[in-house]
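[1] Need a 3D model of the sequence below.
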Amino acid sequence: MSKELNKNKLLELVHNRIKKYGFILNKRLAEFTEKQKDGWNKFQLIFLNRNEGWEINIGMLIRENLVEDIYHQASYFEPKYHKTTPTLGITVEDFINDGKKYRCYLNSENDIETCMNYIEGLFLEIALPFYKEYDSLKKMDEAVNVKDGTSIFSGLKYEGNLGIILAKLVKNPDYNFFLEKYRNYYIHFSKGFYLPEFEKLTKVLDTLPPG
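    Numbering: from 1, shown residues only. The predicted structure follows:
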C-alpha cells in the first residue's frame, strides 16, 4: 500500500480499538476526540513524513471552554481558530520525560499492526490517566502555576496567559506573584511582542465577576 493508505488504515484500526472509550476519529486531522460537557479531550497522532515512511509522535490535549473563551478575548489568534485551541497540550514523550522517544514508525504495511498495538498501549497506560489527572481547573492550576522551578507544561501560552487565567478562576492565593512573574516573562520574551496581549488579558480578568 502507499504511505497514505497505510496511514489511513492505521487510523481506522486505532479508532476501532479506542472508540469504546468515547474517542471519535477525525481522519483529516489524525486525532481522536472525546467530547466533554465543557470542552474536549483529544488523542493526537502526529505523522512526520520521512523518506522511509511515517514517524509518529503522539500528543494529548485537553480543552476547557471557559479558559479558552477568556483567553481569546485578548489573544492574537484569528477568530476561526478560537474553537480549536487546547488548554493543556503535551506529547507523551515530553509528559513522561525520561529521555526516550515514545514514537512508532510506519514504513510499510507490515508495520501497521505493531504501530496499532503500541499506540493503543500508550492510550490506555498514559493518555487515559492524563485526562483524569487534569480534569479540573484546580488540577490544571497546580500543574501550570509553579512558584519554584518550572512546570512540565512550557511554551508561550503556558508561561503566562494560561497560568494567570487559571490562577484567577481558582482564586489562587499567589495570584499577584504569578501576575508579576508572567509580566516579567513577557517583557523579556521576543522583545516584548506578546506583552500587550498579556496586559489586555489581565484587564479582561479584572472584569470577571467574583465567585
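
[2] ok, which stretches of this structure are strands?
    In the chain, the segments counted as strands under DSSP state E are 24-26, 31-36, 39-49, 54-64, 88-91, 104-106.

[3] For the chain, give me the ranges with low pLDDT.
    Scanning the chain for pLDDT under 70 picks out 211.

[4] Tell me how far the residue nearest the centre of it lies from Pro209.
    Nearest to the geometric centre of the chain sits Gly89, at 1.4 Å (C-alpha atoms, centre = their mean). Taking C-beta to C-beta, to the nearest Å as the measure, Gly89 falls 29 Å from Pro209. For glycine as for every other residue, the C-beta is placed from the backbone atoms N, C-alpha and C.

[5] Please list all residues in contact with Ile46.
    30, 56-59, 91 (C-beta atoms under 8 Å, 6 or more residues apart in numbering).

[6] for Glu197, same thing?
    74-76, 161, 186.

[7] mind running it again at 10 Å?
    Glu197 is in contact with 71, 74-77, 156, 160-161, 186, counting by C-beta atoms under 10 Å, 6 or more residues apart in numbering.

[8] Ok, Glu120 next?
    Taking C-beta under 10 Å, 6+ apart, we find Glu120 in contact with 13-14, 16-18.

[9] can you pull the buried residues of the top helix by length along the chain?
    Counting residues, the longest helix found in the chain (DSSP state H) is helix 3-18. Buried residues in helix 3-18, defined by neighbour count with 16 or more other C-beta atoms under 10 Å: 3, 6-7, 10-11, 13-14, 17-18.

[10] and if you look at stretch 198-211?
    Buried positions in stretch 198-211, judged by neighbour count with 16+ other C-beta under 10 Å: 198, 201-202, 205.

[11] would you turn those residues into a markdown table with distance to Tyr81?
    Formatted as a markdown table, the buried residues of stretch 198-211 follow (distance: C-beta to C-beta, whole Å):
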| residue | distance to Tyr81 |
| --- | --- |
| Phe198 | 19 |
| Leu201 | 16 |
| Thr202 | 22 |
| Leu205 | 21 |
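
[12] From those residues, pick the one nearest Leu179.
    For these, the closest approach to Leu179 (C-beta to C-beta) belongs to Thr202, at 6.8 Å.

[13] before we move on, the earlier item: what two of the buried residues of stretch 198-211 are the furthest from one another?
    The largest distance within the buried residues of stretch 198-211, taken as C-beta to C-beta, falls between Phe198 and Leu205 and amounts to 10.5 Å.

[14] With the flanking residues excluded, which residue is spatially nearest to Leu162?
    Spatial nearest neighbour of Leu162, excluding adjacent residues (C-beta to C-beta, 6 or more residues apart in numbering): Val144 at 6.0 Å.

[15] So for stretch 26-35, what gets flagged as buried?
    Buried residues in stretch 26-35, counting neighbours by 16+ other C-beta under 10 Å, are found at 30-34.

[16] Next: stretch 59-77.
    Neighbour-count burial for stretch 59-77 flags 59-64, 67-68, 70-72, 74-75 (criterion: 16+ other C-beta under 10 Å).

[17] Give me the distance between the closest residue to Ile56 other than its chain neighbours and Asp94.
    Leaving out its chain neighbours, the residue that sits closest to Ile56 by C-beta to C-beta, 6+ apart is Cys104, at 5.0 Å. To Asp94, Cys104 is 16 Å away according to C-beta to C-beta.
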